[in-house]
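K.L.:
predicted model and sequence below, questions to follow.
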Amino acid sequence: MLQKLVEYHWSEHLDDALLLLGRLDVKTVPLAGGTYLLGLDDDSIQAVVDLRDLDLAYISDDTRGLHLGAMTTLQSLAESTLLKEFASGILAESALASASSRLIRNCATLGGTLGAGAASQADLWTALVALDAEVVVRSGSKTQVNLSGGTSERPGLALSGVVYKGKYERRIPCASFSLDHRPGELILEVFVPRPPINSGGSFMRVGRSASDLSLLNVATQLEVEDGKYKRVRLIFGGRNMEPLRLQAIERFLEGRALARSADTLDRQLLSQAMRAAISEFRPPSDILASNSYRRVAGLNLAYRALEEAANIAIWRGLVSSGRGA
Ligand SMILES: Cc1cc2nc3c(=O)[nH]c(=O)nc-3n(C[C@H](O)[C@H](O)[C@H](O)COP(=O)(O)OP(=O)(O)OC[C@H]3O[C@@H](n4cnc5c(N)ncnc54)[C@H](O)[C@@H]3O)c2cc1C
């Protein structure tokens, strides 16, 4: 419970919300679906700004990629036809897996999931990192500046202590969001670059039951060119884990031939990649899963995810070149 909450603001304009969030004298935070925030035991929070009327709930695409508004709910992401077809559907799949209860998914938003960070334990975060997604954030700032007009030969009117109100927008890679995000910055949207046609993705998870939090999850996205792995992303996540990129597998596979014959995947190569990566994969231990359980389960998951993604990439390559018809 937010015991010291004294102000509730229902903003209708983005600029109003930014000015409220930029206040230094009253600790003010954004309120999205409230599923995480309203249960927090934090006596420092004095005010919340409700974001529901800011037109930030949207899913759209253009030639460069997808734009997902911060107030889009997990349920809308899971149901979206656009997302089911984008990047082998790993965003829709991971949004569905992020919370097993439909009631939660109907309230919980994309912005709230990223704002809660590792505490959200959301599968979606892993998939966003695998797709090199970026978070667009904006802050409203108020700064005291001293203005001096004119030149040294012809001095103008000098004004000291002028308050400058401005906006500042930047993009933060999802991978480093929890480190780089500053207080007072509002998440506006997430941009996901469109993967090229010759690519495939996969998302897999392991939990105590299908509806439980992921003990471990993996998202992979790979691109092929001239029958070789061109760009590989393999990310692990799950309970008590920030997204963890396994670069040893990526380095091992990039530049190597994907298949022995035109359409049969080289599975031996994937096994070699797993062996090359094992020393780099050091997941945490906690009460539900030990580090060694996660290592073994993780390498199996990664193998299956890479196999699935590579098969999709091969198939898409055949179809786009007209040979699959
Ligand atoms: C019963 C229950 C079960 C849950 N189960 C799961 C689960 O299985 N998996 C899971 O991943 N999560 C779970 N959660 C946690 C929660 O649902 C998620 O973390 C959720 O995604 C939070 O989204 P929200 O929109 O409700 O955010 P809020 O609670 O409104 O906000 C979360 C945080 O993000 C900040 N924030 C919100 N929007 C923005 C924005 N636009 N810009 C900047 N900061 C922002 C808020 O200030 C706050 O710090 C559960 C919660 C409950 C109550």
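P.N.:
Right, received. Where do you want to start? Residues are numbered from 1 along each chain as shown.
K.L.:
what about residue 284, how many residues close to it?
P.N.:
By other C-beta atoms under 10 Å, 14 other residues sit near residue 284. For the C-beta atoms, the positions are set from N, CA and C on the backbone; glycine is no exception.
K.L.:
contacting residues around it?
P.N.:
Counting by C-beta atoms under 8 Å, 6 or more residues apart in numbering, residue 284 touches 240-241, 291, 294.
K.L.:
where's it, which helix or strand?
P.N.:
Assigned by DSSP states H and E, residue 284 falls within no helix or strand.
K.L.:
next: residue 219.
P.N.:
Using DSSP H and E, the element containing residue 219 is strand 216-225.
K.L.:
partner strands of that strand, parallel or antiparallel?
P.N.:
When pairing is defined by DSSP bridges, strand 216-225 lines up against strand 199-206 (antiparallel), strand 228-238 (antiparallel).
K.L.:
residue 43 is nearest to which of those strands?
P.N.:
Smallest distance to residue 43 across these (C-beta to C-beta): 30.3 Å, for strand 228-238.
K.L.:
hmm, back to that, in a markdown table, list the strands paired with strand 216-225 along with mean neighbour count, mean pLDDT and distance to residue 298.
P.N.:
Below are these laid out as a markdown table (neighbours: other C-beta atoms under 10 Å; pLDDT from 0 to 100; distance: least, C-beta to C-beta, whole Å):
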| stretch | mean neighbour count | mean pLDDT | distance to residue 298 |
| --- | --- | --- | --- |
| strand 199-206 | 24 | 96 | 9 |
| strand 228-238 | 23 | 94 | 6 |
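K.L.:
just send the ones you listed back as CSV, with distance to the ligand too.
P.N.:
Formatted as CSV, the strands paired with strand 216-225 follow (distance: least, C-beta to the nearest ligand atom, whole Å):
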stretch, distance to the ligand
strand 199-206, 12
strand 228-238, 10
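K.L.:
quick one: these as a markdown table, columns for distance to residue 72 too.
P.N.:
Shown next, in a markdown table, are the strands paired with strand 216-225 (distance: least, C-beta to C-beta, whole Å):
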| stretch | distance to residue 72 |
| --- | --- |
| strand 199-206 | 18 |
| strand 228-238 | 20 |
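K.L.:
other SSEs contacting the longest helix that the chain contains?
P.N.:
Using DSSP state H to define each element, the chain has its longest helix at helix 291-321. Taking 3 or more C-beta pairs under 8 Å, 6 or more residues apart in numbering; DSSP states H and E as contact, the helices and strands that helix 291-321 lies on are strand 199-206, strand 216-225, strand 228-238, helix 247-253, helix 267-277.
K.L.:
how far off helix 291-321 does the last one point, in degrees?
P.N.:
Looking back up the chat, that one is helix 267-277. Interaxial angle of helix 267-277 relative to helix 291-321 (axes from the mean of the first three to the mean of the last three C-alpha atoms, to 10 degrees): 140 degrees.
K.L.:
and the average pLDDT for helix 267-277 is what?
P.N.:
Computed over helix 267-277, the mean pLDDT rounds to 87.
K.L.:
now do it: which elements does it pack against?
P.N.:
helix 247-253, helix 291-321.
K.L.:
go through the longest one and flag the buried ones.
P.N.:
Meaning helix 291-321. Neighbour-count burial for helix 291-321, with 16 or more other C-beta atoms under 10 Å as criterion, is recorded at 294, 297-299, 301-303, 305-306, 308-314, 316-317.
K.L.:
among these, which are in reach of the ligand?
P.N.:
Applying C-beta under 6 Å from any ligand atom, the subset of the buried residues of helix 291-321 adjacent to the ligand is empty.
K.L.:
related to what we said a few turns ago, for residue 129, find the nearest of the helices and strands packed on helix 291-321.
P.N.:
Proximity to residue 129 (C-beta to C-beta) singles out strand 228-238 among these, at 4.8 Å.
K.L.:
helix or strand right after that closest one?
P.N.:
Using DSSP H and E, the helix or strand that directly follows strand 228-238 along the chain is strand 241-245.
K.L.:
between that next one and helix 291-321, how big is the angle?
P.N.:
Going by the same axes, to 10 degrees, strand 241-245 makes 50 degrees with helix 291-321.
K.L.:
and strand 241-245, which strands flank it?
P.N.:
Looking at strand 241-245 with DSSP bridges, its partner strands are strand 228-238 (antiparallel).
K.L.:
can you report how many residues lie near residue 53?
P.N.:
Residues near residue 53, counting by other C-beta under 10 Å, number 12.
K.L.:
follow-up on the earlier one: nearest to residue 259, out of the strands paired with strand 216-225?
P.N.:
In terms of C-beta to C-beta, the element of these nearest to residue 259 is strand 228-238, at 9.6 Å.
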